[in-house]
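> Make a model of this:
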Amino acid sequence: MSKGLTKGAAALPRKPSGAARLFLILLSFLDQLYFRIEVWFWWFVSLAISVVSCISAGRINFLESMMPSRLPVHIAIVIEEKNVETFYASGCRLVRWCLQLAGVRYITLYSSTWGKDDLAPTANLAAKRVGDMGLSAVAYAGGRFVGEYNSEAGKAPHVICTVGQAEGREALANAARSLHDLSEEKVGRLLPTAAGGAPDPELMLVFGKADSVYGFPPWPLAVTELRFHRSLRHFTKAELLRDLRHYASVKSVKGV
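Residues are numbered from 1 along each chain as shown. Reported below is the predicted structural model:
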């Protein structure tokens with residue numbers, strides 16, 4: 001009798017030790033964790049694909065979705081970058097961002113480091129990049145027409161104008177030297193006017209080491225809101241949005 005019980009007891013499975021139980025619990029936990037991570041991973045992948053599809057279809061625009069109600073029609077951009085490649089990479093990107101906004105039609109680009117030979121190529125390049133987005137653009141250099149891209153009949157194009165020192169400090173000095181009896185009419189004839197029928201800029205973005213307009217023509221800046229930044233290369237859409245919100249929140253001297 002005792003021998004049979006002994007044989008039956010020996011046939012029963014042995015209970016796992018404490019270490020084995022701990023290992024099984026850990027294995028079960030890791031299995032559940034892997035399953036959850038896999039589920040969340042594919043959920044994020046599907047979400048990312050949906051967002052990218054919506055963006056490519058033009059249904060979602062980050063700036064448009066968070067944009068203030070009042071936007072400037074004309075934005076001036078002062079770029080004190082001696083490295084031309086920096087402007088070509090970052091400056092043209094900023095121009096595209098601005099002209100993607102509904103209501104912004106005019107962009108003026110200025111740098112005191114640009115000579116007369118730099119204005120036309122820079123304006124053409126910026127306008128071409130805008131044309132590549134499917135928008136119509138007209139380029140002016142120092143008030144002179146230099147090119148048109150992706151024009152559409154019956155549709156007002158976006159206007160991009162480049163100006164340099166000759167349209168700023170030099171023009172003001174030449175006007176002062178040419179006048180014996182100052183009058184508003186004579187000054188107006190001597191000083192350069194905005195190209196393409198552009199109004200005075202409502203917002204100016206300045207990129208440089210100092211809080212200065214670096215010789216930008218001062219006469220159209222009476223009611224312009226100035227925003228200063230140190231680096232054009234590291235400027236982001238979020239900072240542009242912040243500047244636009246600041247502009248919308250400030251009441252100009254015209255009482256807008």
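
> Can you give me the neighbour number for R96?
Neighbours of R96 under the rule other CB atoms under 10 Å: 16. All C-beta atoms are positioned from the backbone trio N, CA, C, and that covers glycine.

> and it, helix, strand or coil?
helix (DSSP: H, G, I helix; E, B strand; the rest coil).

> what ranges do the strands span in the stretch 101-250 of the chain?
Along the stretch 101-250 of the chain, the segments classed as strands by DSSP state E, counting those that start in this stretch run 106-110, 137-141, 144-149, 158-163, 203-207, 225-229.

> For the first one, which outside residues touch it?
Think strand 106-110. 73-79, 91, 95, 98-99, 122-123, 126, 158-164, 168, 194, 196, 198-199, 201, 214, 216 (CB atoms under 8 Å, 6 or more residues apart in numbering).

> one more time with 6 Å
74-78, 95, 98, 159-163, 198, 216 (CB atoms under 6 Å, 6 or more residues apart in numbering).

> Any regions of the chain where pLDDT drops low?
Scanning the chain with the threshold set as pLDDT under 70 gives 1-18, 53-66, 82-84, 153-154, 166-196, 251-256.

> what's the domain layout of it?
Here the domain assignment for the chain is 15-55, 69-249, based on automatic domain parsing.

> Please identify the most buried of the ones you listed.
domain 69-249 (a mean of 17; mean count of other CB atoms under 10 Å).

> Please tabulate the strands of the stretch 101-250 of the chain in TSV, including the columns distance to K237.
Listed next are the strands of the stretch 101-250 of the chain as TSV, based on distance: least, CB to CB, whole Å:
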stretch	distance to K237
strand 106-110	16
strand 137-141	20
strand 144-149	23
strand 158-163	19
strand 203-207	13
strand 225-229	13
